[in-house]
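[1] Turn this into a model:
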Amino acid sequence: MTTKLLSLRGIRKAYGAVEAVRGVDLDIQAGEVLALCGDNGAGKSSLVKIIAGAQPPSGGTMQWRGREVAFHSPQDALREGIATIYQDLALAPRLSIAQNVFLGSELTRGPLGLPFPQLLDKRRMVAEARGYLQRLNLPQADMGAAVERLSGGQRQAVAIARALRWQAELIIMDEPTAALGVRETAQVLSLIRTLHEEGRTVLLISHNMADVCAVATRVAIMKAGSKAIDRPVAGLDPDRLAHMVMTGQDMPAAA
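    The predicted structure is shown next:
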């Protein structure tokens, strides 16, 4: 039996006279990888910003684990267990891997066990950061290495490790393979599969239909601000999926 993690009902978003999101209903089930697709201007970015707490909806309701919620900031969403990894990853390039994993939530300790003054517990942060990366099948990373020295795939791993540190139940990944090469793209897709195997829920925003077919369990396609299609990915290939995104019309799966 699946557990409904997030439910959107009648979500709208208007920017003046322009209605970017038009009464969208969407459910996200615990443990699935849901791909959100659509052409530029389809409304998916506005919808994601509402889920992430970056923008309020103009109408509609959102329920998290059966309880109605209203996020006023990304911090509100994060406190509930929703973490968003944007394309720029929001990493500090000159800080180390461990420092980035704990950025904004650093571990501290008092000297000789005293509660004050507080010092950074660097040893514990390094150990725990290494543990998060081991869960993502990246055990060999040097925790003291500056993030700017890492590949694109490795940087995605650091951003995901930070989401795990935040104990996120829903991880939103915005175009995670954009501008990456073949090898780095494969690494990021492997990270998403690992999250899925661990039981994490992933909302994947992508223009790459091959990536969607490779890792997503379900796809929701938006067209002109509305949800046009919502169906399992099983049986679809990238060409069929691209046609569905372009036309907003469902197509039967391959026989």
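
[2] which stretches of this protein form strands?
    Counting by DSSP state E, the chain has strands at residues 4-15, 18-29, 33-37, 59-64, 67-69, 82-85, 108-109, 119-120, 170-174, 201-205, 218-223, 226-232.

[3] Can you lay out those strands as CSV showing mean neighbour count, mean pLDDT and distance to Arg193?
    In short, each C-beta sits where N, CA and C put it, glycine included. As requested, these are exported to CSV (neighbours: other CB atoms under 10 Å; pLDDT from 0 to 100; distance: least, CB to CB, whole Å):
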stretch, mean neighbour count, mean pLDDT, distance to Arg193
strand 4-15, 18, 97, 19
strand 18-29, 18, 97, 17
strand 33-37, 25, 98, 8
strand 59-64, 16, 97, 25
strand 67-69, 11, 96, 29
strand 82-85, 24, 95, 16
strand 108-109, 14, 71, 35
strand 119-120, 12, 76, 34
strand 170-174, 23, 96, 13
strand 201-205, 24, 98, 10
strand 218-223, 23, 98, 15
strand 226-232, 17, 97, 17
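
[4] Looking at the ones you listed, spot the one closest to Met246.
    strand 218-223 (9.2 Å; CB to CB).

[5] Give the partner strands of the closest one in its sheet and their orientations.
    Strand 218-223 has the following sheet partners, assigned by DSSP bridges: strand 33-37 (parallel), strand 226-232 (antiparallel).

[6] Let me know which of the strands of the chain is the nearest to Gln187.
    Per CB to CB, nearest to Gln187 of the strands of the chain: strand 170-174, 13.5 Å.

[7] Okay, now the unreliable bits of the protein?
    1-2, 110-118, 139-140, 253-255 (pLDDT under 70).

[8] 50 instead, please
    Applying pLDDT under 50 to the chain flags no residue at all.

[9] which residues touch the nearest residue to Glu68 once chain neighbours are set aside?
    Nearest residue to Glu68, sequence neighbours excluded (CB to CB, 6 or more residues apart in numbering): Thr61, at 5.8 Å. For Thr61, the contact set (CB atoms under 8 Å, 6 or more residues apart in numbering) comprises 8-11, 68.

[10] Closest to Ser96 out of the residues you listed?
    Leu8 (37.9 Å).

[11] who's in contact with the closest one?
    With CB under 8 Å, 6+ apart, Leu8 has these contacts: 24-27, 47, 51, 60-62.

[12] try it again with 10 Å
    Leu8 makes contact with 21, 23-28, 47, 50-51, 57, 60-63, 227, according to CB atoms under 10 Å, 6 or more residues apart in numbering.

[13] Please apply the same query to Thr194.
    Contacts of Thr194 by CB under 10 Å, 6+ apart are 135-138, 157, 160, 200.

[14] Please apply the same query to Met222.
    Going by CB under 10 Å, 6+ apart, the list of residues near Met222 reads 20-22, 24, 26, 36-39, 41-47, 228-230, 245, 248.

[15] All the helices of this protein, in order from the start?
    44-52, 74-80, 97-101, 122-135, 152-165, 182-197, 209-215, 238-247 (DSSP state H).

[16] most packed of the ones you listed?
    Most buried of the helices of the chain, by mean neighbour count (mean count of other CB atoms under 10 Å): helix 97-101, with a mean of 27.

[17] which one of the strands paired with strand 218-223 lies closest to Val215?
    Among the strands paired with strand 218-223, strand 33-37 sits nearest to Val215 (CB to CB), with 5.6 Å.

[18] Just name the closest of the contacts of Leu8 to Leu150, please.
    Nearest member of the contacts of Leu8 to Leu150, counting by CB to CB, is Ile51, at 27.9 Å.

[19] ok, now which ones touch the residue nearest the centre of the chain?
    Central residue of the chain (CA atoms, centre = their mean): Ile172, 1.7 Å from the mean position. Neighbouring residues of Ile172 by CB under 10 Å, 6+ apart: 28, 34, 36, 48-49, 51-52, 77, 82-86, 163, 201-205.

[20] Before I go, just wanted to say thanks for your time.
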